[in-house]
Each structure stands twice: as C-alpha cells, then as structure tokens.
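Trainee: fold the stuff below for me.
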Amino acid sequence: MSDVIVVGAGPAGAASAILLAEHGFDVLVLDRAAFPRPKICGEYLSPEAARVLDRLGVLKALDAAGATPLAGMRITAPDGTVVTGRYGAVGAWRPYRGHALAVPRETLDGTLAERLRALPIDFRERMRVTDLLIDAGRVVGVEAIDAEGVPSRFRAPLVIAADGRASVVAQRLGLRRPHRLQRMALVTYVRGLADVGDVGEIFVDPPDYAILNPVAPDRVNMSLVVPAADAARFSDRLDTFFAARVKQLPHLARRVAGAELLGRVRALGPLAYRVAAPRHGGVMLVGDAAGFYDPFTGEGVFTGLRSAELAVETATAALRAGDCSAAVLAAYPRARRAMFAGKERVTHALQLVIRHRRLANATARALARRPALLQHVLGVIGDYVPPGALLSPRALRV
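Mentor: Numbers count the residues shown, from 1 in each chain. As a prediction, the model looks like this:
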C-alpha cells in the first residue's frame, strides 16, 4: 500500500508527487493518458511559476526544450488604446526571473512526466480512475481500469485529486458546483504572424477577449474567449464560428490578417466552476480539480503548482502524525483560500472590466497615464506582487 495516491499527472499532480517523494513518501501516480500528450490550454506560465518549476527540477529542461520567454504583456482596448507593460521589480517585489514563459502543454507535461519517471515514484499511465473507495466517511483509495479494461483497487491513507476540471474525485464526492460566469475558450495555433515580439498580446472587445502567446518560432497559441451560449450552438462548426468571431474583433482581425491557422479549433468550457472543500477525510484536491475561475491571461498553471506546494505542506504533517482526518486536512483549503483570495478578487474586477466596452477603454487609458499602476497590475497578474499592493500610494500615483 502506498502512502499517497495522486490522481492525475498534469502540473498540479506531478508537482504534488515530486514534492511528496522528496519528503520520503511512497507515492503512486495514476493518469488516464500516455505522456507526452496535447492538452487545450493558453500555454502561458507566469513569472512566479518559474520558481516552483525550478524547485521541481524541471526549469532548465523546459528552457532547453525551447520555452519562449515573454517579457511582458501588450493589451489592446476596444478603442485601439494599446498598453504595454514589462515584468520587473515593483518596489521590494521582484519576479523569480524577469519574464514569463510560453510553453506548449505537451512539452510542459512531458517534462514533468520525465521527472516523475526519474524519481522513486510508481507512475502508471493509461490507468483511468473510475471511483473512490470510501469507508466510514473517509476516502481510503481508488478504483481504476487500465488500457485493456482490467480493473484494480489501490489503497492509501491519502488520495490527492489532481484530475482536472472533469475530476472524478470531485464529482464522486458531490463537490462541483456551476459558476454564473459562463465562458468558453476556443484555442488553435497560427503561423505567419508578423512582428511577433517578446510579449504576450491581449485584445479586449466585449464580450470577448483574445490572447496570443508565441510558443515556438512561427507558432502562436491563439485563444478566443467568448460567452458559452454564443458558441454552444456552433459546436459542430467551431472553425466557422471562430473565423466569423475573429472578424468581429477589428483590432485582432487586423493583427492576424494573413496568418495561417494550424490545425482545428478546439473548445473548452464552461471555463469557470466552483468546487467545495471535501468533508471526507483522506482526500485533498489540487489544481483545476479544486475549482477554476476564468483568468485574464491564462495563468492557471501557477495556481496548480502553488496549490500543490500548499497541499504537500499539510499532507506531510498529516501523514507524519498518522492523522489524515478531515479536520487535519482542512488546513489546506484554508491556506489555499488565503493564498488566492486576493488574486481572485482582482480577476473578478478584470472580468467586470472586459465585459463593458466603456469601462475597458477607460481602464486602458488610465493604465497608460499611470505607469506605476500598470507595473503593479502586471506584477499581480504575474503572481509576484500581492494584490493588496494595488491600493498602495505608490501604485496610485500619477
């Protein structure tokens, strides 16, 4: 029997397993996929994500694999106002490195999978978790089937669910809840985009926004976020809907004119959903399995990595004390809320801005007039400046 079962080997699951193994625990990782594998994603890693990736021992490998440095963000408002900010020191706060990264998920997840294989971790691919083993109100293991359909049962004092937005664990425990913000992301790649620089690009045109991240030479991740209801009826014609919608965002349409679409358009949504904290003992949720709120820049990978760090802190103490009760494990969701509550409030404010054309234009013009505020906003989005700093005199000065 393992000490911990980690369900899912994406960034949050791999990070949890690596850190637990480094603490000396016997870890079993189960994932339904074979790695490396593609995944729908904005493929942006905030500057602070580099710190966690370095701690996990994979940052140099990602650099060597061609991860693209992004020095900042360029935002185009509905009226054409352009605001460009670059990552850098903001008072006493500094990014781990002076740039973010654009990395294909196939590369990121594959590199993390190689790290799992290099450690004394029982990593089983093509193993799909189908249910939980529950005894007296406590999760004690999982049921799974392999690629040939052979069922297995695995037991451990602790199960960490990192199985993403469609988490079997969260659904089995009845924890997932819908969110009133109903948006859908349409994602593809383009090439032949002129004047690709060293920044990510965001185009706001309510009710939509789009993100361009250069993930490789002449290959740009293009994500278009729209109301889910608008895209739902075109589910069988996503390429057609995508092309028509892009034409309705004039600044984006001019930017990608002449670029060539690479591959089909894929959809992900609804993006936002809530997940309640488990009431059972023996289980923790990390990454997207613990909930997701529609981000402005696609920086959800950092949230997954950081939540894994927080979960491992609680898990280590619980396992060493021999007590994985719900009361003991509740320290983790409290730590998670404390860590991300401020960022979520900022993200809520950004979603309000990008839903209203006049407000989006006014905000862009205000940021253009206040470079200090722009640097603070970029630092918060980049995860290295605390959200409360946005209200400081330094941020608000003209």
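
Trainee: residue contacts, the residue nearest to residue 343 when sequence neighbours are not counted?
Mentor: Once flanking residues are discounted, residue 343 sits nearest to residue 387: 5.6 Å by C-beta to C-beta, 6 or more residues apart in numbering. Bear in mind the C-beta positions are built from the backbone N, C-alpha and C, glycine included. The contact partners of residue 387, by C-beta atoms under 8 Å, 6 or more residues apart in numbering, come to 342-343, 345-346, 380.

Trainee: would you map the helices across the stretch 1-150 of the chain?
Mentor: 11-22, 49-55, 59-64, 105-118 (DSSP state H, counting those that start in this stretch).

Trainee: which elements pack onto the shortest one?
Mentor: Read that as helix 59-64. helix 49-55, helix 105-118 (3 or more C-beta pairs under 8 Å, 6 or more residues apart in numbering; DSSP states H and E).

Trainee: what would these look like in CSV with mean pLDDT?
Mentor: As requested, these are arranged in CSV below (pLDDT from 0 to 100):
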stretch, mean pLDDT
helix 49-55, 97
helix 105-118, 97
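
Trainee: returning to that earlier point: wait, which of the helices of the stretch 1-150 of the chain is closest to residue 249?
Mentor: helix 105-118 (24.7 Å; C-beta to C-beta).

Trainee: who does that closest one touch, helix- and strand-wise?
Mentor: helix 11-22, helix 59-64, strand 122-124.

Trainee: check contacts around residue 376.
Mentor: 90, 385, 389-390, 392, 394-395.

Trainee: in terms of helices and strands, where is it?
Mentor: helix 371-381 (DSSP states H and E).

Trainee: now that helix: mean pLDDT?
Mentor: For helix 371-381, mean pLDDT is 93.

Trainee: which parts of it are buried?
Mentor: Of all the residues in helix 371-381, those buried under the rule 16 or more other C-beta atoms under 10 Å are 372-381.

Trainee: same deal with stretch 41-60?
Mentor: Buried-residue list, stretch 41-60, by 16+ other C-beta under 10 Å: 41-53, 55-56, 58-59.

Trainee: from the chain's centre, how far out does it sit?
Mentor: Between the mean C-alpha location of stretch 41-60 and the chain-wide mean there is a distance of 11 Å, by C-alpha atoms, centre = their mean, to the nearest Å.

Trainee: go on, stretch 377-389?
Mentor: 16 Å.

Trainee: ditto for stretch 153-163
Mentor: That offset, for stretch 153-163, works out to 22 Å (C-alpha atoms, centre = their mean).

Trainee: CA-only coordinates of stretch 225-234 in PDB, if you can.
Mentor: These are the backbone C-alpha positions of stretch 225-234, laid out as PDB (Å, rounded to 0.1, in the frame of the first residue of the first chain):
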ATOM      1  CA  VAL A 225     -12.800  33.600 -25.000                       C
ATOM      2  CA  VAL A 226     -16.500  34.100 -25.700                       C
ATOM      3  CA  PRO A 227     -19.800  33.700 -23.900                       C
ATOM      4  CA  ALA A 228     -20.500  30.000 -23.800                       C
ATOM      5  CA  ALA A 229     -24.100  30.500 -25.100                       C
ATOM      6  CA  ASP A 230     -22.800  32.200 -28.200                       C
ATOM      7  CA  ALA A 231     -20.500  29.200 -29.100                       C
ATOM      8  CA  ALA A 232     -22.700  26.300 -27.900                       C
ATOM      9  CA  ARG A 233     -24.900  26.200 -31.000                       C
ATOM     10  CA  PHE A 234     -21.900  26.000 -33.300                       C
END
